[in-house]
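A.B. asks: Generate coordinates for the sequence data below:
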Amino acid sequence: MRTKLAKAVYIVTLTAIGMSAADNSLGTWKRNIERTKYDSKNPPSNPITSQTMIREAAEGGVKITTKGVRKDGTAIDTTCTVKYDGKPASCSGTGSQFDTMAMKQLDANTFTSENKKAGGKYHTTGRTVVSKDGKTMTNTSKGNDADGKPISFTIVLDKQ
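C.D. replies: Prediction:
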């Protein structure tokens, strides 16, 4: 009896480890500008016109490198290495509205996030889902923009 119970616990543990280790968000993603939507009541004053995101495995989480351009020509070039423990991690670089990010992985295709600007009003919470076929990643977020006004948006990215 103990042997069967031990085997069952071992199998469940291996399955749980395998599931938590899977991360279908890894890879290179390009923002689909046409499918990305912003709250019509408070659209961004300087929206992103192009963006590429590279997501690489990091110990206990992900390293996210983002490059892009805003409507006024301002460059975006940021890096965040975040553990999937829900604790804020610092982001570095230029052109981003936030400087800390916290994430949790719910399963191989689903993540929650919280982005903030230290000393500022920008604060969003969101949910990111990778499609079952692995070709699309969608982030739906809401919160406050840099001026403290309510915002909500859906960002769609295509796997490259």
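A.B. asks: Please count neighbours and contacts with C-alpha atoms only from this point.
C.D. replies: Will do.
A.B. asks: Next secondary structure after the helix or strand of the chain with the lowest mean pLDDT?
C.D. replies: The weakest-scoring helix or strand in the chain, judged by mean pLDDT, DSSP states H and E, is helix 2-21 (a mean of 50). Following helix 2-21 in sequence order, the next helix or strand is strand 27-31 (DSSP states H and E).
A.B. asks: who does that next one touch, helix- and strand-wise?
C.D. replies: Applying 3 or more CA pairs under 8 Å, 6 or more residues apart in numbering; DSSP states H and E, we find strand 27-31 packed against strand 48-58, strand 150-159.
A.B. asks: Adding mean pLDDT and mean neighbour count, write those strands out as CSV.
C.D. replies: Listed next are the helices and strands packed on strand 27-31 as CSV, based on pLDDT from 0 to 100; neighbours: other CA atoms under 10 Å:
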stretch, mean pLDDT, mean neighbour count
strand 48-58, 98, 18
strand 150-159, 97, 19
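A.B. asks: Okay, now the unreliable bits of this protein?
C.D. replies: For the chain, the stretches with pLDDT under 70 are 1-21.
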